[in-house]
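Visitor: Could you look at this predicted model? Sequence included:
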Amino acid sequence: MGSKLKGRNALVTGAGRGIGKAIALALAEEGANVVVCDLGGAVDGTGADKSPADEVVAQIKKMGVKAIPNYGDVADFKAAEGMIKACVDNFGRIDILVNVAGIDKPRMIFNMSEEEWDRVLNVHLKGTFNLSRHACVLMRQQKYGRIVNTVSDAFVGTVGHVNYGAAKGGIASLTYAIAREMGRYGVTCNAFIPRAGTRMTLVPEVIEGLKKRLAAGVLSQEKYDELTKIPGPESFAPFIAYLCSEAAGNINSCIFGVSGGRLSYWAPAIETQIVTKDYEKLGRWTWEETEKLMAKLLKDYKNPAPPAPPEEKK
C-alpha cells in the first residue's frame, strides 16, 4: 500500500471490469477512497449486473480504504449527478474523476442504425460530459480536482466503428476544453489512449474482424500482433493514478498513449502546411489556384483508403 493519494476521494466509471477496474484498484493502492461505478452491462450495453462493482468494492476494502458501489447509467444526466453526490455524501468531497465507462456497437457507416449511433455517443461522449459537468461544479468551488478521460486511437480514423471513433474524437476535444476552462481553478483534465487486452478488445467478434482486415491487407501483421498480444490494463494503471495526484498538478490538456511497455504523448492537431495570398487584392480562391496549390498543401500526404481497382468495386 502506498500513500500518495491518501485522503483523496475518487470516482471511476466502468470500474467493475477491465481498464476501469485496474485504475480503481491502482487509486486505492495509493490510499484513495473510491466510488466504483458500473452498470454491469455487456460490451454492447445490454443488461445490468451489480456483481462486478460489488466485487471490486470488496477488493478495495481489503486494502484498508473506503469504497462504495454505484450501478447507475453514465448516459443519464441525473444518474451521473447522483454518482458525484454519492462520493461527497460518503467521503466528504470529490477529488478525482476517471471516465472509463464505454460500450461498442460496431457497424460500417452504411449499415449503422440510428440507435447504434446514439447509444455509443450517449455512453462515451455524453457520459463523460455528464460526470465531468457535475464534478466541475464542486471542483471549481474547492479549487482542486483531477479529471482523466478515456480516448482511443480510433479518434483519428477507424473502420467498422464510426460511432465509437466519433465519440472518442469528441472526448478528446472535450478534454482540451475542460482543461482550458478549469485550469485556473486548480483542476486538471487529461486523457489517455489505452492499448490493453480487455473483454472489449479481445472478444471473438473483434478478433475475427482483425483477421479479416489482415487477410485483406488493410492491417499489417505487425499491427495485428500489437492489437491481439498485449498486456492487461494493470500494466499502466499506476500511470493513470499518477495523473490523479498532486504531483501532476502542472500536467493539463494532455493526451497520453499507454500500454504495457510504452508511453507516448499525442500532440494536439495543428496546421502543417499553409499558403496565403492578399485576399483584398486578389479575391477568393479560384478552381485553378486550388488545383495548382493542392500539391503543396498535401505535401507528404497519402490517401489512407484509395479507391479500389474497378474489378474490386463490385
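Guide: It's in.

Visitor: Let me see the domain layout of this protein.
Guide: The chain breaks down into these domains under automatic domain parsing: 9-196+231-266, 279-312.

Visitor: now the stretch 151-300 of the chain, which segments are flagged as low pLDDT?
Guide: 196-205 (pLDDT under 70).

Visitor: ok, which stretches of it are strands?
Guide: Assigned by DSSP state E, counting those that start in this stretch, the strands in the stretch 151-300 of the chain fall at 187-194, 255-259, 262-266.

Visitor: how big is the angle separating the second one from strand 187-194?
Guide: For strand 255-259 against strand 187-194, the angle between stretch directions is 40 degrees (axes from the mean of the first three to the mean of the last three C-alpha atoms, to 10 degrees).

Visitor: same deal with the last one?
Guide: Strand 262-266 and strand 187-194 meet at an angle of 120 degrees, taking the same axes, to 10 degrees as the criterion.

Visitor: Give me the helices and strands touching strand 262-266, please.
Guide: Counting contacts by 3 or more C-beta pairs under 8 Å, 6 or more residues apart in numbering; DSSP states H and E, strand 262-266 packs against strand 255-259. The way it works is simple: take the backbone N, C-alpha and C, and place the C-beta from them, glycine included.

Visitor: ok now the strand it packs on, how far from the chain's centre?
Guide: Remark: strand 255-259 is offset 10 Å from the chain centroid, using C-alpha atoms, centre = their mean, to the nearest Å.

Visitor: Pull up the pairing partners for that strand, direction included.
Guide: Strand 255-259 pairs in its sheet with strand 187-194 (parallel), strand 262-266 (antiparallel), by DSSP bridges.

Visitor: count of residues packed around residue 81?
Guide: For residue 81, the count of nearby residues is 17 (other C-beta atoms under 10 Å).

Visitor: is it true that it touches residue 134?
Guide: Yes: Residue 81 lies in contact with residue 134 (C-beta atoms under 8 Å); the separation is 4.7 Å.

Visitor: Let me know which of the strands paired with strand 255-259 is tucked in deepest.
Guide: strand 187-194 (a mean of 25; mean count of other C-beta atoms under 10 Å).

Visitor: got the CA positions of that strand in CSV?
Guide: Taking C-alpha atoms only, strand 187-194 is exported to CSV below (Å, rounded to 0.1, in the frame of the first residue of the first chain):
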residue,chain,number,x,y,z
VAL,A,187,-8.5,21.5,-11.8
THR,A,188,-6.6,19.5,-14.5
CYS,A,189,-8.2,17.4,-17.3
ASN,A,190,-6.2,14.9,-19.2
ALA,A,191,-6.9,11.8,-21.2
PHE,A,192,-5.3,8.5,-22.2
ILE,A,193,-5.4,6.2,-25.1
PRO,A,194,-5.1,2.7,-23.8
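
Visitor: what does it rub up against?
Guide: Outside strand 187-194, the residues that touch it by C-beta atoms under 8 Å, 6 or more residues apart in numbering are 19, 132, 136, 139-140, 143-153, 171-172, 175, 178-179, 182-183, 233, 236, 239-240, 243, 248-249, 251-259, 266.

Visitor: Let's see that with 6 Å instead.
Guide: Here strand 187-194 makes contact (C-beta atoms under 6 Å, 6 or more residues apart in numbering) with 19, 139, 145-149, 151-153, 175, 178-179, 243, 252, 254-258.

Visitor: For residue 125, find the nearest of the strands paired with strand 255-259.
Guide: strand 187-194 (12.5 Å; C-beta to C-beta).

Visitor: re the thing from before, for PyMOL, what selects the buried ones among the contacts of strand 187-194?
Guide: Selecting just the buried residues from those in PyMOL takes one command, with 16 or more other C-beta atoms under 10 Å as the test:
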select buried, resi 19+139+145+146+147+148+149+151+152+175+178+179+243+252+254+255+256+257+258
